[in-house]
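> The sequence isn't on hand, but the structure is:
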Ligand code: NAI
């Protein structure tokens with residue numbers, strides 16, 4: 001399907017944060033853009049804010065003044081809907097309200113040409129519901145940009161029940177032409193990103209509520225071991241807790257209160273207190289002038305007489321860690337066994353979703369220290385560990401000493417099932433697998449959306465394949481047993497893959 005040519009004028013309705021950004025994207029791609037807002041002067045203000053943003057690029061020598069002037073000349077603030085009759089694509093980015101959006105769409109059907117495509121940037125309203133009263137619902141499609149639209153690559157192209165394939169494909173091709181990374185999704189609550197990302201916030205919030213450790217340590221583990229750009233607390237402080245909590249609550253209610261999406265009381269309390277994050281000066285962290293961000297809890301330097309690491313059997317994903325330790329001067333001895341590592345008094349293993357104390361009892365191994373998952377053990381600068389209550393302090397000391405030999409900062413958390421990164425990745429992959437099963441989007445589009453929309457280091461389904469479906473299925477099964485909650489039930493596709501010994505991509 002061909003994208004719209006630059007001869008096609010684009011209209012953007014609503015000149016707030018999103019509308020202005022979308023207008024900029026379309027104008028940058030070479031289109032004439034009509035910008036309309038019901039608030040007096042808002043469209044012109046939107047144009048000015050684009051001018052201000054891009055002037056910075058000109059000042060830095062990244063764009064020339066002529067190009068900026070030409071781009072601004074292509075953006076025309078208008079006051080009447082009738083002025084956008086020639087537009088081939090109208091993108092609405094007005095207030096998030098079903099009735100107001102429906103009324104606008106009805107007005108647009110009156111003034112736009114029959115073959116104009118109408119797109120909505122809604123982040124939470126069903127495209128199907130928006131199209132229900134339209135004369136031609138086939139021409140309505142979701143075009144969900146991310147904030148800030150000029151910088152974020154992802155565009156979710158959302159198909160409502162009545163959206164025509166041709167319209168969705170045209171919008172997809174146009175978004176790609178504009179330099180975006182489009183994905184196609186069906187109109188289901190949260191679409192791809194706002195649904196699949198829920199566990200990223202939920203698991204850190206739950207660990208905090210369970211006193212596993214403090215927010216700064218959880219954030220540091222997620223960043224430094226998980227490879228994510230930001231931890232859940234710094235990210236929700238940035239997004240705003242009112243916004244993030246509202247999205248979680250909306251997805252939770254839309255899925256008939258499936259416990260998988262259960263909102264957090266910890267976050268609710270922040271909202272009630274008006275601690276909305278950066279914008280209010282306080283969230284999980286304090287943003288007052290001069291306030292210091294707390295340091296993550298890091299184990300003190302430990303020493304250990306042992307210099308030899310015994311690797312029993314196949315250590316699975318920990319093999320990379322073993323290589324790193326070997327390169328750091330730790331002598332490695334390999335022997336048959338169930339994949340554990342022995343160093344001094346410590347017996348180390350990758351978490352399988354059970355608490356260390358439970359597993360130590362089941363495996364009759366008191367000095368068990370569980371290691372968290374890392375995105376890349378060769379590069380991780382921090383790793384979380386959890387020790388069995390039965391373990392000796394010497395065993396904990398020896399585990400810290402071992403990891404520190406490779407320059408890894410150790411954050412010991414309370415003994416909670418699945419530690420931090422492992423349970424985050426397992427639940428993300430689980431949600432992504434369910435979204436794939438329900439036909440929300442293809443496996444590759446789900447992964448692309450999570451990478452392009454949220455800068456995840458890897459798509460959750462590819463990540464699952466890299467780790468093996470069996471490992472994540474085991475982790476989830478153990479989490480489900482530990483909590484006795486449906487929230488961790490393994491997704492059907494993950495379960496199938498585990499028994500078929502295959503992946504999402506194979
Ligand atoms: P905003 O509040 O910054 O801007 C909305 C603008 O629409 C305002 O300037 C308002 O005057 C105007 N408006 C309201 N009703 C109107 C009408 N009937 N006709 C013309 N103009 C009207 O809101 P924001 O953040 O730009 O969001 C807009 C839409 O984009 C919403 O549907 C929102 O859910 C969605 N969205 C927001 C994202 C975000 O991070 N802010 C991300 C992705 C989607």
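Arrived safely. Not measured: the values here are computed from a predicted model. Numbering: from 1, shown residues only.

> Only C-alpha atoms from now on, for both contacts and neighbour counts.
Fine.

> residue contacts, the closest residue to the ligand within the stretch 201-350 of the chain?
Among all residues of the stretch 201-350 of the chain, residue 239 sits closest to the ligand, at 8.1 Å; criterion: CA to the nearest ligand atom. Shown in contact with residue 239 (CA atoms under 8 Å, 6 or more residues apart in numbering): residue 277.

> Could you give the backbone dihedrals for it?
phi -70, psi -40 (degrees, to the nearest 10).

> same thing with residue 16?
Torsion angles, degrees, to the nearest 10, at residue 16: phi -80, psi -150.

> Against residue 144, how distant is it?
For residue 16, the distance to residue 144 (CA to CA, to the nearest Å) stands at 15 Å.

> just residue 289 next, same as before
For residue 289 relative to residue 144 (CA to CA), the value is 35 Å.

> Which of those two has more residues huddled nearby?
Neighbours were counted for residue 289 and for residue 144 using other CA atoms under 10 Å; residue 144 has more, 24 against 7.

> which residues touch the helix or strand encompassing the more buried one?
Assessed by DSSP states H and E, residue 144 sits inside strand 140-145. Contacts of strand 140-145 with the rest of the structure, by CA under 8 Å, 6+ apart, involve 18, 22, 91, 117-123, 127, 131, 152, 154-160, 163, 167-168, 171.

> try stretch 85-98
8-16, 18-19, 101, 111-113, 115-125, 130, 143.

> Same question for stretch 388-407.
Contacts for stretch 388-407 (CA under 8 Å, 6+ apart): 299, 301-304, 324-325, 328-330, 343-348, 355-358, 360, 366-369, 381, 387, 409-410, 415.

> residues from the protein in reach of the ligand?
Within the chain, the positions adjacent to the ligand are 13-19, 37-39, 93-96, 100, 121-123, 144-147 by CA under 6 Å from any ligand atom.

> Now the buried members of those.
Neighbour-count burial within those applies to 13-16, 18-19, 37, 93-94, 121-123, 144-146; the criterion is 16 or more other CA atoms under 10 Å.

> tell me the secondary structure for residue 157?
Assigned by DSSP: H, G, I helix; E, B strand; the rest coil, the conformation of residue 157 is strand.

> show me what contacts residue 375?
225, 226, 227, 457.

> er, residue 173 I mean
Shown in contact with residue 173 (CA under 8 Å, 6+ apart): 1, 2, 3, 4.

> Looking at these, state which has the most neighbours.
Most surrounded of the contacts of residue 173: other CA under 10 Å gives residue 4, at 19 neighbours.

> In the stretch 301-450 of the chain, which residue sits closest to the ligand?
The ligand sits closest to residue 449 of the stretch 301-450 of the chain, with a gap of 13.6 Å, by CA to the nearest ligand atom.

> Number of residues surrounding that residue?
Here the count is done by other CA under 10 Å, and residue 449 has 26 residues near it.

> what sits up against the helix or strand encompassing residue 220?
For residue 220, the element it lies in under DSSP H and E is helix 215-224. With contact meaning CA under 8 Å, 6+ apart, helix 215-224 is reached by 204, 208, 228-234, 284, 294-297, 380-384, 411, 420-421.
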